[in-house]
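Engineer: Coordinates only, no sequence provided:
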Ligand code: MRU
């Protein structure tokens, strides 16, 4: 049975006590959290509402497949691994209500249409579909909950391993620097909020920081939705990692001046030849890093690799979001309420591609749960052979 209280008698809503059997790595105000978990009722799902961070820590309860689809579309939950994990629970909720074939097909279709770029969504749904089609309807709800929980646990393990492998790169940079701090630049939020725990790009940073490496993170604000300023800065701050938020345009300047030792970003989809789709603006950072001779690493679990895609520009669908995310920004008003204000000239049109593709040639290496891999067709093919089936 799922434990509801930790050994210090604190009710567990999202996390697992550091002293209990599942150690949660990341804490807010000393309390361990995961970005998604089953609610105390044992069937609905609780997530952190990421549209309210960093100013409010609000837990959203999702009780239907439709609510899960809306939470993904509206970015209450976001980040490639978390999108996949949440969608898996969306299928479980649908099966609890109606385990028939039409309901299964409809859940997979509804959830699959929510966000196009992060391949973890299609990966998780295909895994759920495979497990459920083979089962009789009376078994489907239980199987779906089990599979969704397994997807979450596997993501935690993968991200933890990414942290260990990637921390080696940071330790190397620290050795080169001697006494000086290692400066790492990251884009968007590829931390525990984007996964179930640990994160991808941030996992090596947490791991190295916890091991005592003297480091500092440059956090790209990540317009238009500010996932860096709002989420990455929040995460790093809550864990005590030294960091500074910068305007997206500042990265090239800092790299030119030797103030960035390495870049680590996450990914929404990696092709079989190593092209990487990630949050819009990643490509510009990779270009600047190449020009300045700064290593540019991409951290992602194997569930982010689309083995059917080769040419990232041709094969990866890029999400187009509302222009309103560009023309308006949301923040904390002077009255303490979340407020949205317009920043673009009234009447101007706005385009909002959500992701871009960094060609494999600009990527110094991939950090996955299996270790460090060159972003090349050969490297990925070796990785595929080593990867668990
Ligand atoms: O639009 P978002 O916020 O879902 O985009 C998130 C990113 O681009 C992340 O870098 C990526 O999903 C990796 S998350 C571990």
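Structural biologist: Received it, and whenever you're ready, just let me know what you need. A quick note: this is a predicted structure, and the numbers were derived from the prediction, not measured. Residues are numbered from 1 along each chain as shown.
Engineer: Average pLDDT for stretch 165-173, rounded please.
Structural biologist: Averaging the model's pLDDT scores along stretch 165-173 yields 97.
Engineer: ignore the last one, stretch 381-389
Structural biologist: If you average the pLDDT values across stretch 381-389, you get 84.
Engineer: Tell me the backbone dihedrals of the closest residue to the ligand within the stretch 151-300 of the chain, please.
Structural biologist: With CB to the nearest ligand atom as the measure, residue 266 is the residue of the stretch 151-300 of the chain nearest to the ligand, at 2.8 Å. Heads up, the C-betas are built off the backbone N, CA and C, glycines and all. Dihedral angles of residue 266 (phi, psi; degrees, to the nearest 10) stand at phi -90, psi -170.
Engineer: Residue 91: neighbour count?
Structural biologist: A total of 30 residues lie near residue 91 under the criterion other CB atoms under 10 Å.
Engineer: How is it assigned, secondary-structure-wise?
Structural biologist: Under DSSP: H, G, I helix; E, B strand; the rest coil, the three-state class of residue 91 is helix.
Engineer: how about the residues of the stretch 101-250 of the chain near the ligand?
Structural biologist: Contact residues (CB under 6 Å from any ligand atom) of the stretch 101-250 of the chain with the ligand: 118, 188, 190, 194, 195, 200, 227.
Engineer: Give me the subset of those residues lying in helices.
Structural biologist: The helices in this structure, assigned by DSSP state H, contain residue 227 from those.
Engineer: how about CSV for the residues of the stretch 101-250 of the chain next to the ligand, with neighbour count and distance to residue 242 added?
Structural biologist: Output for those, formatted as CSV (neighbours: other CB atoms under 10 Å; distance: CB to CB, whole Å):
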residue, neighbour count, distance to residue 242
118, 31, 29
188, 28, 19
190, 34, 18
194, 29, 21
195, 31, 22
200, 32, 20
227, 27, 20
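Engineer: follow-up on the earlier one: residues contacting the residue of the stretch 151-300 of the chain closest to the ligand?
Structural biologist: By CB atoms under 8 Å, 6 or more residues apart in numbering, residue 266 lies in contact with 79-80, 188, 190, 194, 199-201, 278-279, 298-300.
Engineer: Kindly recompute the last result at 10 Å.
Structural biologist: Shown in contact with residue 266 (CB atoms under 10 Å, 6 or more residues apart in numbering): 79-81, 118, 162, 186-191, 194-195, 199-203, 276, 278-279, 282, 298-301, 304, 367.
Engineer: Leaving out chain neighbours, which residue sits closest to it?
Structural biologist: Residue nearest to residue 266 in three dimensions, not counting chain neighbours: residue 190, with 2.7 Å by CB to CB, 6 or more residues apart in numbering.
Engineer: where does the one you found fall, phi/psi-wise?
Structural biologist: Reported as degrees, to the nearest 10, the phi and psi values for residue 190 are phi -120, psi 50.
Engineer: again with residue 298
Structural biologist: Taking degrees, to the nearest 10, you get phi -120, psi 120 for the backbone angles of residue 298.
Engineer: Please apply the same query to residue 36.
Structural biologist: When read as degrees, to the nearest 10, the backbone of residue 36 gives phi -150, psi 140.
Engineer: neighbours around it, how many?
Structural biologist: Residue 36 is surrounded by 22 other residues when neighbours are defined as other CB under 10 Å.
Engineer: how close does it get to residue 60?
Structural biologist: Distance, residue 36 to residue 60, using CB to CB, to the nearest Å: 10 Å.
Engineer: in the stretch 251-389 of the chain, which spans are strands?
Structural biologist: Shown for the stretch 251-389 of the chain, the strands assigned by DSSP state E, counting those that start in this stretch span residues 262-265, 269-271, 276-279, 296-299, 305-306, 328-332, 338-342, 355-358, 365-368, 371-373.
Engineer: Likewise for the stretch 1-150 of the chain?
Structural biologist: Per DSSP E, counting those that start in this stretch, the stretch 1-150 of the chain carries strands over the ranges 27-28, 31-32, 36-38, 45-48, 59-62.
Engineer: out of these, deepest packed?
Structural biologist: Ranked by mean neighbour count under mean count of other CB atoms under 10 Å, these are led by strand 45-48, which reaches a mean of 23.
Engineer: low-confidence ranges in this structure?
Structural biologist: Within the chain, the stretches falling below the threshold (pLDDT under 70) are 1-27, 388-389.
Engineer: could you pull out the helices for it?
Structural biologist: Secondary structure of the chain (DSSP H): helices located at 65-73, 80-97, 101-112, 119-133, 137-177, 202-210, 227, 233-239, 251-256, 282-292, 312-315, 324-327, 377-386.
Engineer: for the ones you listed, which one sits closest to residue 361?
Structural biologist: Of all the helices of the chain, it is helix 282-292 that lies closest to residue 361, at 8.4 Å by CB to CB.
Engineer: Pull the contacting residues for the residue lying closest to residue 86 once chain neighbours are set aside.
Structural biologist: Spatially, and ignoring its direct neighbours in sequence, residue 86 is nearest to residue 77 (4.8 Å; CB to CB, 6+ apart). Neighbour list for residue 77: 35-36, 45, 47-51, 60, 62, 68, 71, 83, 85-87, 193-194 [criterion: CB under 10 Å, 6+ apart].
Engineer: The nearest residue to residue 54 once chain neighbours are set aside and residue 50, how far apart?
Structural biologist: Beyond its immediate neighbours in the sequence, the residue positioned closest to residue 54 (CB to CB, 6+ apart) is residue 234, lying 3.7 Å away. Counting by CB to CB, the gap between residue 234 and residue 50 amounts to 10 Å.
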